[in-house]
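A.B. asks: Sequence plus predicted model, see below.
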Amino acid sequence: MDLRNDDEIEPYDAPGMDLVHVPLDDVADVEFWRQVRREGRDGSPLYYPLFLARKPERCAAAIAALAEARPGGVLFHCGLGRDRTGLVALLLLALADVEPAAIVADYLRAARSAAPHQAPLIEAALRHHGSTLAGAVRATLDGLDPAGLLLAGGATSAQLTAIRTRSTHEGRPRRSGSVPRVR
């Protein structure tokens, strides 16, 4: 599943794979992105709470597409693998009842390798807001009701059940602290 915007994508073919395009950002909402940039939240999880509040339908569309994917492995990505991919991963993990500390650790692991050249800018934005990368992810998770958000955005109960089942080893318990992967 490609989370990038239309203007970021060049046609490509992947034999044997279903390619699904679910642009997450909604770049047409210029007012939202101006606010995010003006407040210095862009490019970091500082914008996640604002995005979740304003665009639950975008999040629901991504989760629904993953829930409806045919059996087998599922890959989702954006341009750098940090902001949009990180948000979808955070929602999947929260929906699977993964402990917040494990979700934060997963985000930090992934963020280390995504666009390291942007790390100084992100750190400066986080410092400006009196936060850290881990703190911004924790703040997103605080009080988050992923099922409620996704249902409000248009996902169905059946889709949420399907994605939970798929991401928790078909309902079998996971090891404590482990982070499930969508299969």
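C.D. replies: Looks like it arrived, so ask away. Numbers count the residues shown, from 1 in each chain.
A.B. asks: chain center to stretch 36-43: distance?
C.D. replies: Put simply, stretch 36-43 sits 17 Å off its chain's centre (Cα atoms, centre = their mean, to the nearest Å).
A.B. asks: Quick one: end-to-end distance for that stretch.
C.D. replies: Stretch 36-43 has an end-to-end distance of 9 Å (criterion: Cα to Cα, to the nearest Å).
A.B. asks: residues in contact with it?
C.D. replies: With contacts defined as Cβ atoms under 8 Å, 6 or more residues apart in numbering, stretch 36-43 is touched by 33, 46-47, 50-51, 82-83, 118, 121-122, 125, 128-129. Every residue, glycine included, has its C-beta placed from N, CA and C.
A.B. asks: And the residues you listed, which of them are buried?
C.D. replies: Trp33, Leu46, Tyr47, Phe51, Arg82, Asp83, Ile122, Ala125, His129 (16 or more other Cβ atoms under 10 Å).
A.B. asks: Looking at those residues, which has the smallest pLDDT value?
C.D. replies: Taking those together, the minimum pLDDT is found at Arg82 (81).
A.B. asks: isn't it right up against Ser113?
C.D. replies: No. Using Cβ atoms under 8 Å as the test, Arg82 is too far from Ser113 to be in contact (9.1 Å).
A.B. asks: and stretch 149-166, average pLDDT?
C.D. replies: Averaged over stretch 149-166, pLDDT sits at 96.
A.B. asks: Likewise for stretch 2-17?
C.D. replies: Over the span of stretch 2-17, the pLDDT mean works out to 87.
A.B. asks: So what touches that stretch?
C.D. replies: Defining contact as Cβ under 8 Å, 6+ apart, one finds that stretch 2-17 is touched by 19-25, 27, 62, 76-79, 84-85, 88.
A.B. asks: Got a quick ChimeraX command for the buried subset of those?
C.D. replies: Selection of the buried residues among the contacts of stretch 2-17 in ChimeraX, burial being defined by 16+ other Cβ under 10 Å:
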select :22,23,24,25,62,76,78,79,84,85,88
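A.B. asks: which of the contacts of stretch 2-17 lies closest to Ser157?
C.D. replies: Ala62 (17.0 Å; Cβ to Cβ).
A.B. asks: What distance do you get for the closest one to His21?
C.D. replies: Counting by Cβ to Cβ, to the nearest Å, the separation of Ala62 from His21 is 11 Å.
A.B. asks: Any regions of this structure where pLDDT drops low?
C.D. replies: 114, 169-183 (pLDDT under 70).
A.B. asks: So which residues of the protein form helices?
C.D. replies: Using DSSP state H, the helices of the chain run over 30-38, 48-54, 56-67, 83-95, 100-113, 119-128, 133-141, 146-152, 157-167.
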